[in-house]
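>>> Build me a model from this:
(chains A, B and C)
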Amino acid sequence: MEYLEGLNEPQREAVLHGEGPLMIIAGAGSGKTRVLTYRIAHLIYHGVDPFRIMALTFTNKAADEMRKRIETVVGTEARNVWMGTFHSVFARILRIEATKIGYTSQFSIYDTDDSKSLIRSILKELNLDDKVYRVNNVLHRISSAKNNLISADAYAANTEFRADDEASRVPEMGRIYKTYQDRLRKSNAMDFDDLLFNTNVLFRDHLDVLNKYQQKFHYVFVDEFQDTNISQYLITKKIASVYQNICVVGDDAQSIYAFRGANIQNILNFQRDFPDATVVKLEQNYRSTQNIVNAANSVIARNKSQLQKNVWTANETGNKIEMVRAASDNEEGSIVANAIFEEKMLHQRTNGEFAILYRTNAQSRAFEEALRKRNIKYRLVGGVSFYQRKEIKDLIGYLRFTINQNDEEAFKRIINLPKRGIGDTTVARMVVAATENNLTLWEVVNNPKHFLGDRLSAPIENFTILIKSFHATSVIKDAYETAAQVAKASGLLKELHEDKTVEGLARYENVQELLNAIKEYVDNPQNEDKSLSAFLQSVSLLTSADDDKDDKSEKVTLMTIHSAKGLEFKHVFIVGMEEDLFPSQMMLSSMADLEEERRLFYVAITRAEHKLTLSYAETRYRFGRLQSCEPSRFLKEIDPAYIKNATGSFEQERNTSFVKNLTTRKAPPLALNGHAPSANFVPSDTSALAAGMKVEHPKFGFGVVKAVDFSTPDKKAKIQFEQVGEKTLLLSFAKLMIH
DNA sequence: GACTCAAGTCTTTTT
DNA sequence: GACTTGAGTC
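Below you'll find the model as predicted:
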């Protein structure tokens, strides 16, 4: 058993632990994945049937990685482990048992965009102001209700929620939740949270089904246990309750998904629910240098709520942490790109050894530009992923509707695509007709004369004929052949092909790319079910971190800290270390939120193996305006002993080693009429503009102010633009620059 | 209903 | 900066 060699004592104990519940508290870089994979491999090696092992992770990537590693120890048998994300494993179970809870196995999975769009239509139908009922807020509320296993009915009946909603001036929340749920059911669709919620319902109401899975899975593994929510924990607890062989691995210091319902309490509850659980702590860090480990510890020590843990390392002391102050976000980009260039030259590093981590996806731009300028290849993880693109969602929409003709969101997406002369008004009429007559959407669509009159019948009938032919194909052909037919016969490909613009070409290629991906899926011998619905299932649960195909060794990685969890890099740059950005201002409404942001910082620091650089910009564009920024409070929380050249406090650091990277900030522009504007922008105060002034508009270029209209509520100016000729435009001030 | 342009709005993290 | 909304026109 050579795989046991090189393990330290607690690691070995965790791998060799026999029957019974086990909780592994694994510090950052302590070889958690290694222990988990070896433990599973060890079980299989000793005769446990892989079919009887369930292993749950948060990303498909983590699952694939683990499966591969197990395979290297025990061979292809590893493929039979039920391994995947919570959502994908439970979706698999729900497909099998769908009819027991009133769905068919062809149910659609709504992504966040679908959910939001559905909420938007419901708000409209219920005549509710979407300025009061913010879509994001509504969705978040429904989501947390589901994650805490509160059904729509329970929500409406609960006096506490009602009082809460009344107080926040959103008394109709319960009704929205109920309508939303009805519509999902009618569409034979589940959102992400439903996959967990409905699994709970299934196991609660059908003990025979629960029993089946309890008997099936002798061993249950949960990775990233600190990020599970109540709903997830309850399911795993139930499944494991017969054999009691549940193994959870987590690190409370790395819990960063409370906003999604993750509950650190689960770690404490575990010991309550399984009183005879063995607890193993992995505290030796193998990843990072002493300076990095110690710096991370000095930060996380400020959090009040945490488990006792002592993460240490036997690695070398290593480089001290560098701090960089930049004058602007663009300069921050240049400095980081230059540093990467220099490091590569001096220390023979490859691009793949660098990562740039930021708090929000929007921050990537400056770094992309700077890297591109220096011909340094990079890969962007997250952001607008392939499967989020419009043309991809369009084709997927067609495919979804081919499988499930009650999928309302897919219907809305494709009914007028390519243009059939069926606008939003008509769609809304059909949805209302379905709701009022208690029919499915498909039934309405199949009877257009009755519900819409003659004029609209012809195009709709053509549409239903098309869908029926697609459906017939999907029954006998595989996913690829069906998708190819749909792309062609729907007219999607043709429309994109005729678009000769650069973007049009790219979109056409993207659709081809999707077809290639489907072909790949069909050709892959590991996928037994080659039907369209099987493919859709696999695609709907992809995460943004999953679709990077290109090999990463040659590229610098750019991503949010959230998606960096579980990864490691030789040299890490944590950028945008500014107050209000990180910690995020939006996030900070309580002490608990600050602690979560701090854990996020901890996660970021502990990604670094050998070198860590922190940077912030003094000015940055936000809300379309240049703003000045303060360094993040987190910078001052690192023990200065681990910071390069720091003689005492971070404040002193600013005046010494920072100097090399400091460029003087441009002098602020002259004050206009006694007003000090931010950058060159006109303040929203009308008195700053006067007739005869030369101004620049981002779109129209230079122009001369003819008159200023003080009476309009949005403070507009009549401006004559040189490029537009004599035409005078009425524009608001916000985008004007004065010269 | 489709299209265009300008103004307005909103910025977190993700299965 | 990116995206949505609204008004105006055909």
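>>> residues contacting A:Gln306?
When contacts are counted by CB atoms under 8 Å, 6 or more residues apart in numbering, A:Gln306 touches A:Asp252, A:Ala253, A:Ile300. Just so you know, the C-beta spots here come from the backbone N, C-alpha and C atoms, and that holds for glycine as well.
>>> Pull the contacting residues for the second one.
For A:Ala253, the residues meeting the contact criterion (CB under 8 Å, 6+ apart) are A:Gly27, A:Ala28, A:Ile300, A:Asn303, A:Gln306, A:Lys309, A:Arg599, A:Tyr602.
>>> Share the number of residues neighbouring the nearest residue to it once chain neighbours are set aside, please.
Leaving aside its sequence neighbours, A:Ala253 sits nearest to A:Ile300 (CB to CB, 6 or more residues apart in numbering; 5.2 Å). Look at A:Ile300: counted by other CB atoms under 10 Å, it has 23 neighbours.
>>> any idea how far A:Ile300 lies from A:Asp639?
11 Å (CB to CB, to the nearest Å).
>>> same question, A:Phe197
For A:Phe197, the distance to A:Asp639 (CB to CB) stands at 44 Å.
>>> what number of residues lie near the residue in the stretch 201-350 of chain A that DNA strand B sits nearest to?
Of all residues in the stretch 201-350 of chain A, A:Phe259 sits closest to DNA strand B, at 3.8 Å by CB to the nearest atom of the strand. Applying other CB under 10 Å, we find 13 residues neighbouring A:Phe259.
>>> give me the low-pLDDT residue ranges for the stretch 501-650 of chain A?
A:543-553, A:623-624, A:645-650 (pLDDT under 70).
>>> what are the ranges of the helices in it?
Taking DSSP state H, counting those that start in this stretch to define them, one finds helices in the stretch 501-650 of chain A at A:502-523, A:532-540, A:561-564, A:591-605, A:633-637, A:650-655.
>>> Pipe the ones you listed into a markdown table and attach mean neighbour count per row.
Shown next, in a markdown table, are these (neighbours: other CB atoms under 10 Å):
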| stretch | mean neighbour count |
| --- | --- |
| helix A:502-523 | 16 |
| helix A:532-540 | 21 |
| helix A:561-564 | 21 |
| helix A:591-605 | 21 |
| helix A:633-637 | 18 |
| helix A:650-655 | 14 |
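>>> Between those, which one is closest to DNA strand B.
DNA strand B lies closest to helix A:561-564 among those, at 3.5 Å (CB to the nearest atom of the strand).
>>> Ranking helices and strands of chain A by mean pLDDT, which lands last?
Least confident helix or strand, chain A: helix A:650-655 with a mean of 42, by mean pLDDT, DSSP states H and E.
>>> what about the longest strand in chain A?
Longest strand in chain A, counting residues (DSSP state E): strand A:608-622.
>>> tell me the angle of that strand relative to helix A:591-605?
120 degrees (axes from the mean of the first three to the mean of the last three CA atoms, to 10 degrees).
>>> So which other helices or strands are in contact with strand A:608-622?
Other helices and strands packing on strand A:608-622, by 3 or more CB pairs under 8 Å, 6 or more residues apart in numbering; DSSP states H and E, are helix A:290-300, strand A:322-328, helix A:329-347, strand A:569-574, strand A:625-628.
>>> low-confidence ranges in chain A?
Across chain A, the ranges flagged by pLDDT under 70 are A:1-2, A:383-385, A:543-553, A:623-624, A:645-690, A:695-702, A:708-739.
>>> residue in it nearest to DNA strand B?
A:Gly423 (2.3 Å).
>>> got the contact list for that residue?
Contact partners of A:Gly423, counting by CB under 8 Å, 6+ apart, are A:Asn416.
>>> what does A:Thr278 give?
Counting by CB under 8 Å, 6+ apart, A:Thr278 touches A:His17, A:Gly20, A:Pro21, A:Leu22, A:Met23.
>>> Looking at those, which are in helices?
If you go by DSSP state H, those have nothing in helices.
>>> Pipe those residues into TSV and attach neighbour count and distance to DNA strand C per row.
Formatted as TSV, the contacts of A:Thr278 follow (neighbours: other CB atoms under 10 Å; distance: CB to the nearest atom of the strand, whole Å):
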residue	neighbour count	distance to DNA strand C
A:His17	17	48
A:Gly20	14	50
A:Pro21	23	46
A:Leu22	22	45
A:Met23	22	42
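>>> I'd like these laid out as TSV, including distance to A:Asp130.
Output for those, formatted as TSV (distance: CB to CB, whole Å):
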residue	distance to A:Asp130
A:His17	53
A:Gly20	52
A:Pro21	47
A:Leu22	48
A:Met23	44
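>>> Any residue of stretch A:229-249 touching DNA strand B?
No. Remark: stretch A:229-249 sits outside contact range of DNA strand B, by CB under 7 Å from any atom of the strand, the gap being at least 8.9 Å.
>>> nope, stretch A:346-361 is what I was after
Yes. For a cut-off given as CB under 7 Å from any atom of the strand, stretch A:346-361 has contacts with DNA strand B, namely A:Arg359, A:Thr360, A:Asn361.
>>> ok, of those, which one's closest to DNA strand C?
DNA strand C lies nearest to A:Asn361 out of the residues of stretch A:346-361 next to DNA strand B, by CB to the nearest atom of the strand, at 9.9 Å.
>>> State the number of residues packed around that closest one.
Other residues lying near A:Asn361 total 18 when counted by other CB under 10 Å.
>>> Please identify which helix or strand holds the closest residue in space to A:Arg420 that isn't next to it in sequence.
Nearest non-adjacent residue to A:Arg420, counting by CB to CB, 6+ apart: A:Pro459, 4.2 Å away. Element membership for A:Pro459, per DSSP states H and E: helix A:457-476.
>>> got a list of contacts for that helix?
The contact list for helix A:457-476 (CB under 8 Å, 6+ apart) reads A:398, A:401-403, A:405, A:415, A:420-422, A:445-446, A:448-449, A:452, A:481-482, A:485-486, A:489-490, A:531-533.
>>> other SSEs contacting the next helix or strand after it?
Next along the chain after helix A:457-476, taking DSSP H and E as the criterion, comes helix A:479-489. Judged by 3+ CB pairs under 8 Å, 6+ apart, helix A:479-489 is in contact with helix A:390-403, helix A:457-476, helix A:492-498, helix A:502-523, helix A:532-540.
>>> how about these in CSV, adding distance to DNA strand B?
Output for the helices and strands packed on helix A:479-489, formatted as CSV (distance: least, CB to the nearest atom of the strand, whole Å):
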stretch, distance to DNA strand B
helix A:390-403, 14
helix A:457-476, 9
helix A:492-498, 11
helix A:502-523, 13
helix A:532-540, 10
